[in-house]
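In: here is the input, now give the coordinates:
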Amino acid sequence: MNEETQEFMIIGKDGKEQQCRVVFTFDAEDKSYVLFSLVDETGQEIPGDLSAMTFDYDDNTGEMTNLQPVETDAEWEMINEVVLTLLDEFEEEPQLITVTDEEGKDQVCEVIHTFSSEHFGKSYVLYVPATEEPIDERDIFAAQYIAGNEGQIEELYPIESDEEWEFVEEVLNTL
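Out: Numbering: from 1, shown residues only. So this is what the prediction gives:
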């Protein structure tokens, strides 16, 4: 992998080498993933969909090795969720919700991520108090929610089990 431009080569379906540009890498479920775009002969990204592969880190060089295709539909769903999260982070207007705290006071909060679990059959939201502080300095809260007709957050409910909390914390750590 070229460290300055973060590009690498793969063998395409046609058997020819294809230059790729790293868009984003992340770790999830004990694997490392790279989202990438294809690059033409002039070094320009080819418009179209992003693709993804798994890879290993070479501890000695810090480079990506052992690039492999994504294997399961569940992995593709998780990758899609990560991409949607990235797109959400670049939105200009944050989604705001009003949360009633334990003392009965309403507090405006900023949604930082929503996601669902087929296993639990629920939707979850991660949110922070809407303040001027940088997001990484604010406490992150989580709840399950019921969506309205247009997908907006209608009702918040507490997360009920340790198993659900482990799932939510795994999603948070992935982000």
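In: what's the helix or strand for residue 84?
Out: According to DSSP states H and E, residue 84 maps onto helix 73-89.
In: any chance you could list what contacts the following helix or strand past that helix?
Out: Sequence order places strand 96-100 as the next helix or strand after helix 73-89, per DSSP H and E. Here strand 96-100 makes contact (CB atoms under 8 Å, 6 or more residues apart in numbering) with 106-111, 125, 127, 130, 141, 143, 153, 156. (Each C-beta comes from the backbone N, C-alpha and C, glycine too.)
In: report the buried members of those residues.
Out: Buried members of those, scored by 16 or more other CB atoms under 10 Å, are 109-111, 125, 127, 130, 141, 143, 153, 156.
In: so where is this structure shaky, pLDDT-wise?
Out: Across the chain, the ranges flagged by pLDDT under 70 are 1-5, 48-49, 88-92.
In: can you give me the helices in it?
Out: Counting by DSSP state H, the chain has helices at residues 73-89, 162-174.
In: using JSON lines, lay out those together with distance to residue 40 and mean neighbour count.
Out: As requested, the helices of the chain are exported to JSON lines (distance: least, CB to CB, whole Å; neighbours: other CB atoms under 10 Å):
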{"stretch": "helix 73-89", "distance to residue 40": "22", "mean neighbour count": "14"}
{"stretch": "helix 162-174", "distance to residue 40": "32", "mean neighbour count": "14"}
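In: if we can go back for a sec, which strands or helices does the helix holding residue 84 pack on?
Out: strand 17-28, strand 31-38, strand 106-117 (3 or more CB pairs under 8 Å, 6 or more residues apart in numbering; DSSP states H and E).
In: starting at the chain centroid, how far to that helix?
Out: 5 Å (CA atoms, centre = their mean, to the nearest Å).
In: stretch 69-80 now?
Out: 12 Å.
In: got a list of contacts for that stretch?
Out: With CB under 8 Å, 6+ apart, stretch 69-80 has contacts from 28-29, 31, 33, 35, 52-54.
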